[in-house]
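J.: Generate coordinates for the sequence data below:
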Amino acid sequence: MSSALFALSRCTRPKELRMSHRILLVEADPELRSVLQDVLADEGYEVVTVAMPVVEPAVVAALGLDAIVLEYSVRQQPRARLMLDQIQSCSATTAIPIIISTTMARAAEELAGLLRPQSDALLAKPFPIDDLLTTIERTVARRP
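T.: Okay, here's the model as predicted:
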């Protein structure tokens, strides 16, 4: 995936509109992970990154996260599904919104049934970076 695809549509928000929220970015592709981390940091987010979805709910809870962006790919599917289930079922992390990014059309249908309508979201890759930013803003704003 080319980082240019994501950077082209980027529209930086004015500094006074930026909010400081902590995001966990789970993305296997190192180039994409780096680009997304830079974009989110430029938008005022504090970003914690990992390549694999193996983060335990206790660790997630200790991070004080406002949202999770979770890659759901063929390679990551079993671990991503486990992480999704654990985060959603643990009382210490259940309020954290999860934004799932995937290229898997079939998984999108399956995942739609797993997402919590008031807090979670699904993004199909490739996506314009503004879609990710808007989705993060919307999910963080709905968080209790």
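J.: Remind me which helix or strand the nearest residue to L63 once chain neighbours are set aside belongs to.
T.: Leaving aside its chain neighbours, L63 sits nearest to V48 (6.0 Å; criterion: C-beta to C-beta, 6 or more residues apart in numbering). The way it works is simple: take the backbone N, C-alpha and C, and place the C-beta from them, glycine included. Element membership of V48, judged by DSSP states H and E, is strand 46-50.
J.: so where's this structure uncertain?
T.: Low-confidence segments of the chain, defined by pLDDT under 70: 1-19, 144.
J.: Quick check on Q88: phi, psi?
T.: phi -70, psi -30 (degrees, to the nearest 10).
J.: quick one: it and P97 touch, right?
T.: No: using C-beta atoms under 8 Å, Q88 is not in contact with P97; the gap is 10.6 Å.
J.: Between these two, which is the more surrounded one?
T.: P97 (25 against 17; other C-beta atoms under 10 Å).
J.: wait, the more buried one sits on P117?
T.: No: using C-beta under 8 Å, P97 is not in contact with P117; the gap is 11.2 Å.
J.: where does the most centrally placed residue in the chain land in three-state SS?
T.: What sits nearest the mean C-alpha location of the chain, by C-alpha atoms, centre = their mean, is V69, with 1.0 Å. Three-state assignment for V69 (DSSP: H, G, I helix; E, B strand; the rest coil): strand.
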